[in-house]
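Need coordinates for the following:
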Amino acid sequence: MAGCCHEHHHDDADHVKPGEGQQDLLYGFVDRDRISALNEREEGSGARIVKPYDVRLDETHVLESDLDDELLITIPFTGSVRLRALLLRTGPGGATPRAVHLFKNVEALDFESAADETPSPTQKLTSIPDTSDVVEIPLLAARFPDVQSLTLYVPGSLDGQRTRLSFLGFRGEARVSSRSGPAHLVYEAAPRPVDHARGRASDHARPAPL
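This is a model prediction of the structure:
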């Protein structure tokens with residue numbers, strides 16, 4: 001099964017290292033008008049937590065689950081992107097997701113299929129910190145080379161009552177086709193320089209710079 005919890009890969013092909021000094025936030029390559037979130041308490045709140053990095057701590061808009069603590073969020077991109085990391089701000093406390101399962105390029109996924117893992121998740125993230133900080137979760141980049149859409153399934157929260165997210169972001173590279181040549185990598189400039197960890201991708205998160 002793809003993306004089992006705590007699996008570790010030592011093959012260098014699993015780790016995409018950005019160019020030195022490059023900024024790689026993909027906010028500008030998200031098709032925000034087509035974002036969907038199932039079981040959101042407030043309609044449209046799933047789209048509003050995908051926002052520029054410089055307002056990542058603003059809680060004017062948050063996504064909370066409605067009938068239970070499950071969430072299913074689909075993020076379409078404007079083109080093909082290569083993902084390296086997921087940025088999350090969650091909680092507080094028991095409203096933090098107990099896990100996030102990622103599905104690449106799956107259309108019309110529903111809760112039953114996501115819970116039954118049909119199809120299998122591309123990667124499972126099982127160590128979501130209970131913190132008010134923005135955390136960066138490295139992905140197994142070799143599994144996310146040509147992503148047109150990403151679906152995030154939250155199977156539940158730490159307290160089993162509700163799930164709450166206030167920021168969702170992505171690191172990686174976007175592939176933009178040129179009329180005069182092949183596709184090339186482009187980066188969206190971040191508000192401030194960030195050092196990039198060069199360690200092994202895993203299911204564990206680390207604090208993102210504030």
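
Contact partners for Val62?
Ser45, Ile49, Arg164, Leu165, Ser166 (C-beta atoms under 8 Å, 6 or more residues apart in numbering). All C-beta atoms are positioned from the backbone trio N, CA, C, and that covers glycine.

contacting residues for the first one?
Right, Ser45. Applying C-beta under 8 Å, 6+ apart to Ser45 gives the contacts Ala37, His61, Val62, Leu63, Glu64.

Give the other helices and strands that the longest strand seen in the chain contacts.
In the chain, with assignment by DSSP state E, the single longest strand is strand 71-90. The contact analysis (3 or more C-beta pairs under 8 Å, 6 or more residues apart in numbering; DSSP states H and E) places strand 71-90 against strand 36-38, strand 100-104, strand 135-138, strand 147-154, strand 164-178.

what would the contacts of Val62 look like in JSON lines with distance to Ala99 and pLDDT?
Listed next are the contacts of Val62 as JSON lines, based on distance: C-beta to C-beta, whole Å; pLDDT from 0 to 100:
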{"residue": "Ser45", "distance to Ala99": "21", "pLDDT": "98"}
{"residue": "Ile49", "distance to Ala99": "18", "pLDDT": "98"}
{"residue": "Arg164", "distance to Ala99": "15", "pLDDT": "98"}
{"residue": "Leu165", "distance to Ala99": "13", "pLDDT": "98"}
{"residue": "Ser166", "distance to Ala99": "18", "pLDDT": "98"}
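
how about Leu67, what does it touch?
Per C-beta under 8 Å, 6+ apart, neighbours of Leu67: Asn39.

switch the cut-off to 10 Å
By C-beta atoms under 10 Å, 6 or more residues apart in numbering, the contact list for Leu67 reads Asn39, Arg41, Arg162.

likewise Pro76?
Per C-beta under 10 Å, 6+ apart, neighbours of Pro76: 30-36, 105, 107, 147-151.

again, 7 Å this time
Asp31, Arg34, Gln148, Ser149 (C-beta atoms under 7 Å, 6 or more residues apart in numbering).

For Thr96, give me its contacts.
Applying C-beta under 7 Å, 6+ apart, we find Thr96 in contact with Thr90, Ile128, Asp130, Ser157, Leu158.

Please check those and keep the buried ones.
Thr90, Ile128, Ser157, Leu158 (16 or more other C-beta atoms under 10 Å).

Minimum distance to Ser80: which of the helices and strands packed on strand 71-90 has it?
Nearest of these to Ser80, taken as C-beta to C-beta: strand 164-178 at 4.7 Å.

looking at this structure, which helix or strand does the model trust least?
The weakest-scoring helix or strand in the chain, judged by mean pLDDT, DSSP states H and E, is strand 181-186 (a mean of 51).

If you count neighbours, what's buried in the helix ranked longest in the chain?
Taking DSSP state H as the criterion, the chain has its longest helix at helix 111-116. Neighbour counts over helix 111-116 (16+ other C-beta under 10 Å) mark Ala114 as buried.
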